[in-house]
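got a sequence here, can you model it:
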Amino acid sequence: MRERIVEYLFERYQQLLSTTDYDSVVELQEQIIELYSPEEISRGEIPPELESISRYLLEHGSPRGDEARVLSAYLVITLLHPENSEAARNYEKLEAWGREARSALSDPLERYEGLIEIWERHARLTPTAAVLNKLANLYTERVAASIKYLQSVKRLVFLSGRIRYEIQQTLFDVAAIYLRHGDIASALTRVEATGIGASGTESEVLLDELRGARQSGVSGAGALSRLAEQFKLKGRIDVAQALCRQGLRRYPTHPIFPQCLAKIAASDSDYLGAMAWYSLAIQMVPEERALYDETLKVLNALMAQGLFDTDPTKNRKLAKRATEVLEERTRRWPDMVSPVSPDKLHLVIALAEMNAGNTEEAEKRLRQSLDEKETIDAIMQLGLLLERTGREEQAAEYYRRALALTDEKSLSDIIKRAEIFEKLGDALRLTGQSEQARESYQTALRYWEASTSALQGSQFGSAQIRQGVLLGRLGRSAEATASFELAMKYAPENRETYASILSYSLVSSPDSRFAHMVYRRALRQLSLNPEWKVYFALWLRAIAGTTGARIEPEIDSILEELAKGNEWWAKLAGFGLGKISYSQLLAQASDLGERTEAYFYEAIRLLVRGEAQKALRFLHLVRDTGMVNFYEFAIAQELLQSIGKEQHK
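Residues are numbered from 1 along each chain as shown. Okay, here's the model as predicted:
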């Protein structure tokens with residue numbers, strides 16, 4: 001099996017030769033090396049194909065000054081050809097140069113930090129026993145030199161605590177070198193041989209657990225598990241994973257090790273790995289209820305992470321497994337409350353399906369959630385789904401059901417009622433019940449006005465967004481603008497602040513001057529991702545275009561810069577500037593979400609040109625995608641209604 005994997009990886013390397021992807025070649029070498037133990041590598045028992053990769057690294061790594069990779073390349077050639085004295089001499093020269101080049105630095109941290117970083121990389125590419133030992137020596141030399149330096153400069157105030165920290169960290173660093181290869185014996189030997197002593201609780205625990213992990217039976221398994229947890233807490237996930245894998249090999253029926261590997265997989269968003277390891281753990285101890293609970297919590301969290309994926313494949317697999325675990329738990333312990341209830345599980349699955357444009361499956365899951373338990377969250381999501389799929393009257397009924405579950409006893413209840421009344425107003429407005437919609441908006445506004453005095457910071461800012469929209473719906477434009485300005489003042493760091501204001505402005509009473517100001521304020525936020533800079537700029541161009549206003553030159557300059565790239569948002573920027581056609585844009589859309597955006601921005605382009613009839617076709621295409629949670633979908637729905645009204649005048 002190992003030989004087949006090496007063959008496959010080497011084929012990938014040959015494909016990369018025609019490119020300049022140096023980093024991918026480095027990664028391939030590391031993947032091949034990981035298939036072999038340090039003992040095998042030290043004996044030169046490695047695939048001969050590595051010589052070709054190593055010569056590539058010499059050719060391309062030397063001009064880059066890539067010290068670690070060049071060291072590894074020379075070492076691999078030496079291991080494959082012990083008679084090649086030239087490769088061995090070059091290796092020794094480069095090793096000596098690395099030390100000499102940094103020897104003039106007086107601060108030991110500066111002197112050793114770069115060297116250790118190089119040898120850490122070197123050790124990952126070619127972890128021979130000699131390389132690992134030299135890396136361990138560097139850590140030991142660094143702490144000794146650091147202590148000597150601190151004493152020489154008489155930093156007595158900080159000396160005791162700093163030395164203790166340096167020693168503890170060094171012991172963990174040295175142990176990690178060997179433990180990531182599952183070599184507990186060498187880790188213990190080298191830690192004990194550092195000569196710097198173990199001071200402090202952490203260091204003492206490390207030594208105790210290293211000694212305990214060498215034992216067999218329950219005590220050995222416990223020590224190994226605790227050792228993995230120690231390194232996990234220190235952020236050394238690679239070491240924790242290696243220890244858990246070794247634990248599973250040594251104790252194949254002990255559930256703590258697949259459980260450990262499941263947690264690590266989940267922390268790395270590896271949903272398939274998490275599912276597999278938790279399944280194995282439950283299989284080992286099917287009577288352990290806490291394991292079912294942990295599995296459900298983790299799977300639920302992984303589904304929440306993927307809520308905004310336009311491909312629901314991952315979440316469907318997670319949902320299937322979570323449902324199986326929940327059903328088995330309920331069968332075994334029918335009277336014990338689960339940490340993830342069936343209604344919440346159905347709800348999170350529904351949200352993922354909504355975000356992926358699968359409206360039928362989303363509706364099915366929302367109704368299942370409500371069958372389990374009627375909650376405001378599920379009712380509101382079903383109401384939104386019905387509203388966005390042309391069933392506004394049904395949506396209004398669900399919003400009224402949500403109102404029946406609320407009261408006015410707390411601030412959160414008042415805010416919730418404000419949100420529900422606004423959504424009820426939207427549904428009524430879309431069915432043509434203008435007067436009833438107006439009454440709902442006025443009620444929502446009263447609730448917001450009653451609650452805002454108790455809100456602060458970004459919460460106050462978010463409330464001002466909703467008040468601004470409601471004031472706009474009620475025709476109080478000047479007051480709406482004032483609320484939006486307060487929102488930007490109190491919630492400037494929230495992307496939703498600018499998205500809500502600009503998207504509302506596009507479908508209400510467009511004000512190009514104000515929209516330009518909002519966009520400039522949005523650009524001040526350093527955390528604003530480039531794709532949102534593109535979306536906001538395109539919305540701004542639409543607002544200006546539909547009102548006949550001039551686009552400020554800086555907007556197109558920003559789009560020009562953002563159009564330089566291969567990302568989807570760069571293509572959108574280019575389309576907005578007229579650099580690529582709609583057919584070219586659509587051809588580059590890789591999923592339903594991107595196709596939805598292509599349809600939408602073509603519709604906007606046509607509307608700006610005054611071709612409303614042609615734009616209608618693309619707005620209908622947006623609606624047909626079912627991407628109900630996209631801003632573009634909501635805007636398209638509003639535009640379809642407003643254009644329809646214009647045509648019936």
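
for the closest residue to Leu411 other than its chain neighbours, give its distance to Lys416.
Take Leu411 and drop its neighbours on the chain: the residue closest to it by C-beta to C-beta, 6 or more residues apart in numbering is Ala454, 5.5 Å away. Glycine gets a C-beta too; all of them are placed from N, C-alpha and C. The gap separating Ala454 from Lys416 is 14 Å, by C-beta to C-beta, to the nearest Å.

and these two? which has more neighbours close in?
Lys416 (21 against 12; other C-beta atoms under 10 Å).

for that one, what are phi and psi?
Backbone torsions of Lys416, given as degrees, to the nearest 10, read phi -60, psi -40.

separation between the residue nearest to it when sequence neighbours are not counted and Ser412?
Distances taken as C-beta to C-beta, 6+ apart place Thr406 nearest to Lys416, at 5.3 Å, with adjacent residues excluded. From Thr406 across to Ser412, the span is 9 Å (C-beta to C-beta).

neighbour count: these two, which is higher?
Using other C-beta under 10 Å as the criterion, Thr406 and Ser412 rank with Thr406 on top: 17 against 10.

ok, the more buried one - contacts?
Residues in contact with Thr406 (C-beta atoms under 8 Å, 6 or more residues apart in numbering) are Ile376, Asp413, Lys416, Arg417, Ile420.

do the same with Thr596
Contacts for Thr596 were tallied using C-beta under 8 Å, 6+ apart; they are Gly357, Val622, Thr625, Met627, Phe630, Glu632, Phe633.

only alpha carbons, please: show whichever strand or helix holds it as CSV.
Using DSSP states H and E, Thr596 sits within helix 592-608. What follows is helix 592-608, C-alpha atoms only, in CSV (Å, rounded to 0.1, in the frame of the first residue of the first chain):
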residue,chain,number,x,y,z
LEU,A,592,-25.3,27.8,-7.8
GLY,A,593,-24.3,30.7,-5.6
GLU,A,594,-22.0,32.2,-8.2
ARG,A,595,-24.6,31.6,-11.0
THR,A,596,-27.2,33.4,-8.8
GLU,A,597,-24.8,36.4,-8.6
ALA,A,598,-24.1,36.3,-12.3
TYR,A,599,-27.9,36.4,-13.1
PHE,A,600,-28.4,39.2,-10.6
TYR,A,601,-25.7,41.6,-11.7
GLU,A,602,-26.7,41.1,-15.4
ALA,A,603,-30.2,42.1,-14.4
ILE,A,604,-28.8,45.2,-12.6
ARG,A,605,-26.7,46.1,-15.7
LEU,A,606,-29.8,46.0,-17.8
LEU,A,607,-31.9,48.0,-15.4
VAL,A,608,-29.3,50.7,-15.3
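
beyond it, next helix or strand please.
Following helix 592-608 in sequence order, the next helix or strand is helix 612-625 (DSSP H and E).

got the CA positions of that following helix in CSV?
Below are the C-alpha coordinates for helix 612-625, written out as CSV (Å, rounded to 0.1, in the frame of the first residue of the first chain):
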residue,chain,number,x,y,z
ALA,A,612,-36.4,46.6,-17.6
GLN,A,613,-38.1,44.0,-19.7
LYS,A,614,-34.8,42.2,-20.4
ALA,A,615,-33.8,42.5,-16.8
LEU,A,616,-37.0,40.7,-15.7
ARG,A,617,-35.8,37.5,-17.3
PHE,A,618,-32.6,37.5,-15.2
LEU,A,619,-34.5,38.5,-12.0
HIS,A,620,-36.7,35.5,-12.5
LEU,A,621,-33.6,33.3,-12.9
VAL,A,622,-32.4,34.6,-9.6
ARG,A,623,-35.7,33.7,-8.0
ASP,A,624,-35.6,30.3,-9.5
THR,A,625,-32.3,29.4,-7.9
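
now for the helix or strand that that helix is followed by, which elements pack on it?
Sequence order places helix 631-647 as the next helix or strand after helix 612-625, per DSSP H and E. In terms of contact count using 3 or more C-beta pairs under 8 Å, 6 or more residues apart in numbering; DSSP states H and E, helix 631-647 is assigned the packing partners helix 376-388, helix 495-507, helix 592-608, helix 612-625.

mean pLDDT and distance to Ala522 added to those helices, as CSV?
Shown next, in CSV, are the helices and strands packed on helix 631-647 (pLDDT from 0 to 100; distance: least, C-beta to C-beta, whole Å):
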stretch, mean pLDDT, distance to Ala522
helix 376-388, 96, 25
helix 495-507, 94, 4
helix 592-608, 95, 18
helix 612-625, 94, 24
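
let's have these in CSV, adding distance to Ile77.
Putting those into CSV (distance: least, C-beta to C-beta, whole Å) gives the following:
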stretch, distance to Ile77
helix 376-388, 61
helix 495-507, 52
helix 592-608, 46
helix 612-625, 56
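
which of these sits closest to Ala542?
helix 592-608 (4.7 Å; C-beta to C-beta).

would you mind getting the angle between that closest one and helix 612-625?
Computed by axes from the mean of the first three to the mean of the last three C-alpha atoms, to 10 degrees, the angle separating helix 592-608 from helix 612-625 equals 160 degrees.

give me the residues contacting stretch 191-211.
So stretch 191-211 is contacted by 140, 143-144, 164, 167-168, 170-172, 174-175, 184, 187-188, 223-224, 226-227, 230 (C-beta under 8 Å, 6+ apart).

hmm, try it at 7 Å
If you take C-beta atoms under 7 Å, 6 or more residues apart in numbering as the criterion, stretch 191-211 is touched by 140, 143-144, 164, 167-168, 170-172, 174-175, 184, 187-188, 223, 226-227, 230.

can you give me the buried ones in that stretch?
Applying a neighbour-count criterion of 16 or more other C-beta atoms under 10 Å, one finds Val191, Thr194, Ile196, Ala198, Glu202, Ser203, Leu206, Leu207, Glu209, Leu210 buried in stretch 191-211.

is Ser590 in a helix, a strand, or coil?
Secondary structure, DSSP: H, G, I helix; E, B strand; the rest coil: Ser590 is coil.

state the pLDDT value of it.
Model confidence at Ser590, given as pLDDT, is 91.

how far away is it from Asn566?
Distance of Ser590 to Asn566, given as C-beta to C-beta: 11 Å.

and what of Arg236?
For Arg236 relative to Asn566 (C-beta to C-beta), the value is 35 Å.

repeat for Ile580
12 Å.

more crowded one of those two?
More neighbours surround Ile580 than the other of Ile580 and Asn566, with 17 against 7 (other C-beta under 10 Å).

quick check on that one: phi, psi?
Here is the backbone geometry of Ile580 (degrees, to the nearest 10): phi -130, psi 150.

ok, it touching Leu572?
No: in this structure, Ile580 is not within contact of Leu572 by C-beta atoms under 7 Å, at 9.5 Å.

low pLDDT regions in the protein?
18-19, 106, 108, 149-163, 195-200, 306-312, 644-649 (pLDDT under 70).

OK, contacts around the residue nearest in space to the middle of the chain?
By C-alpha atoms, centre = their mean, the chain has its centre lying nearest to Gln305, at 7.4 Å. By C-beta under 7 Å, 6+ apart, Gln305 lies in contact with Ser269.

OK, contacts around the residue nearest to Ala515 when sequence neighbours are not counted?
Leaving aside its sequence neighbours, Ala515 sits nearest to Ile543 (C-beta to C-beta, 6+ apart; 4.5 Å). Neighbour list for Ile543: Ser505, Leu506, Pro510, Ser512, Ala515 [criterion: C-beta under 7 Å, 6+ apart].

8 Å - rerun?
With contact set as C-beta under 8 Å, 6+ apart, Ile543 has these partners: Leu502, Ser505, Leu506, Pro510, Asp511, Ser512, Ala515, Ala549.

can you get me a residue count around the first one?
Put plainly, it is Leu502. Residues lying near Leu502 (other C-beta under 10 Å) number 25.

again, but for the second one
By the other C-beta under 10 Å criterion, the neighbourhood of Ser505 contains 24 residues.

so how far is Ala544 from it?
Counting by C-beta to C-beta, the gap from Ser505 to Ala544 is 11 Å.
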